[in-house]
Each structure stands twice: as structure tokens, then as C-alpha cells.
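*Asks:* Pasted the sequence and its predicted model underneath.
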Amino acid sequence: MEIIEIRTGITLIFCLAVALFFLHKYAANPIKKLLLKASQNDPEAQYKMGLMYYTGKQIKRDFRQAFIWFETAAQNGQVRAMVALAGLYNAGRGCDKNERQAFSWYNTAAKTKDLEARVNLAVCYLQGIGTTKDEVKGFQTMKSAADDKSPIACTLLGDLYSKGQGTSPDKNQALKCYIKAAKQGEPFAKQRLKELKEKK
């Protein structure tokens, strides 16, 4: 009778140990849980894995791993991953610098109406990054993003009006853009307004 009780006790301890192992492995470790979802071709989980490697939060920073996960998620249609991948190509982080690929991914993401992608696409046109320089197209792309309420696009549009880049110089329009963006809380717009006030 005692032998049976001892065996039952050992079996119970073993089962508890296994349960605790799996609880720790999957429930207590969100990274492993996320990795499992990512490996099952979940684009959102793949993007989050890339983000973790890129920022170095919860995991050691590794731009190469970030690139791999962003590329996988982007190819699976995750828009934020497309923008992140374009940024890595443009900076040459985790991959060879490739401005054409950067432009291509910004362009793909911009077609989904993503504001950050459209701002970056405008910059590509304005500076000739990965494409033929076209300041008019850059201005139009930036204006479109600003019209859709992107505060940073509105600020940069103000800069374009101020310099007359891709459009005729228009200080009044520039000021309107800065005021509009500042009301949306954009710090760069607030800085521009401060600089203009100091010049007076």
C-alpha cells in the first residue's frame, strides 16, 4: 500500500513539474508565444518579432534578425513591416544599403494609404532616393499626406512652401501649415513657429 502511495506521489510530482514547465515555457514567456505565432505565418506576430529585435526590448538587439522578420511580414502584406523594411534598406541596417528597394517598399506601403510611408515616399522623390528626383511629385505626395492629417507631413509641407521646393515659394502657406501641425501637437512645427517669432 505504501509503495502504491509513493508511486502515486511521484507521478503527481512529475505531472506538476511538466505542467509548470509548459506554463513557464508558453504562458510566462510571451516571446516564445509570439515566436510560435510568427513561425505559424502570422504577419502581425512576425512584425512584432522584427520590432523586438530592432528596438532591443525584451531581447538582444539584432538588426539582421529584425530585417529577416520585417521582410517576412512585409511579404505577407503587413504594412508597418513594409515601412520598417524600407527604413532598414535605406539605412543599410541588417542588410546591404539598397535605395531602390527602400523606394519600392515605401511605394508599396503608400498604396495602402499609410501616412508614414507616404511621407517617406515624398522624401524619396524630393531627394532622388531610389528613384529619379522629382520635386513636384514629392511636393504633391507630401501635400496629399498633409491633407489626410499627418502632422509631420504638414510640417514638411510648410518647409517646401518656405523654400519653394516642388512649388512656388509661399511664406503665408508655410505659416498656415506650421500652425495647423502645431495644433496637432507636432513638435517640429512648434519649433518652426518659435524660430519665425524670433526672426521678427
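*Replies:* That came in fine, so what should we check first?
*Asks:* going forward, measure contacts between C-alpha atoms and count neighbours the same way
*Replies:* Will do.
*Asks:* Which residue comes closest to R118 once chain neighbours are left out?
*Replies:* Counting by Cα to Cα, 6 or more residues apart in numbering, A110 is the residue found nearest to R118 once chain neighbours are left out, at 4.9 Å.
*Asks:* and what of Y106?
*Replies:* Y106's closest residue in space is A117 (Cα to Cα, 6+ apart), at 5.1 Å.
*Asks:* Just after the strand or helix carrying the one you found, pick out the following helix or strand.
*Replies:* A117 belongs to helix 115-127 when assigned by DSSP states H and E. Helices and strands here follow DSSP H and E; after helix 115-127, the next one along the chain is helix 135-147.
*Asks:* Pull out the buried residues from the host helix or strand of L175.
*Replies:* In this assignment (DSSP H and E), L175 forms part of helix 171-183. Buried residues in helix 171-183, defined by neighbour count with 16 or more other Cα atoms under 10 Å: K171, Q173, A174, L175, C177, Y178, I179, K180, A181, A182.
*Asks:* can you list the domains in this protein?
*Replies:* Domain ranges of the chain: 30-112, 114-189, per automatic domain parsing.
*Asks:* For E195, which of the ones you listed is the nearest?
*Replies:* domain 114-189 (9.8 Å; Cα to Cα).
*Asks:* how close does E44 get to Q165?
*Replies:* 38 Å (Cα to Cα, to the nearest Å).
*Asks:* and if you look at R100?
*Replies:* From R100 to Q165 the distance is 23 Å (Cα to Cα).
*Asks:* coming back round to it: mind putting the domains of the chain in JSON lines, distance to E195 and mean pLDDT included?
*Replies:* Shown next, in JSON lines, are these (distance: least, Cα to Cα, whole Å; pLDDT from 0 to 100):
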{"stretch": "domain 30-112", "distance to E195": "30", "mean pLDDT": "95"}
{"stretch": "domain 114-189", "distance to E195": "10", "mean pLDDT": "97"}
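*Asks:* wait, which of these is closest to L196?
*Replies:* Comparing the domains of the chain by their distance to L196 (Cα to Cα), the top pick is domain 114-189, with 8.9 Å.
*Asks:* Can you get me the centre-to-centre distance for that closest one and its chain?
*Replies:* The chain centre lies 19 Å from the centre of domain 114-189; the measure is Cα atoms, centre = their mean, to the nearest Å.
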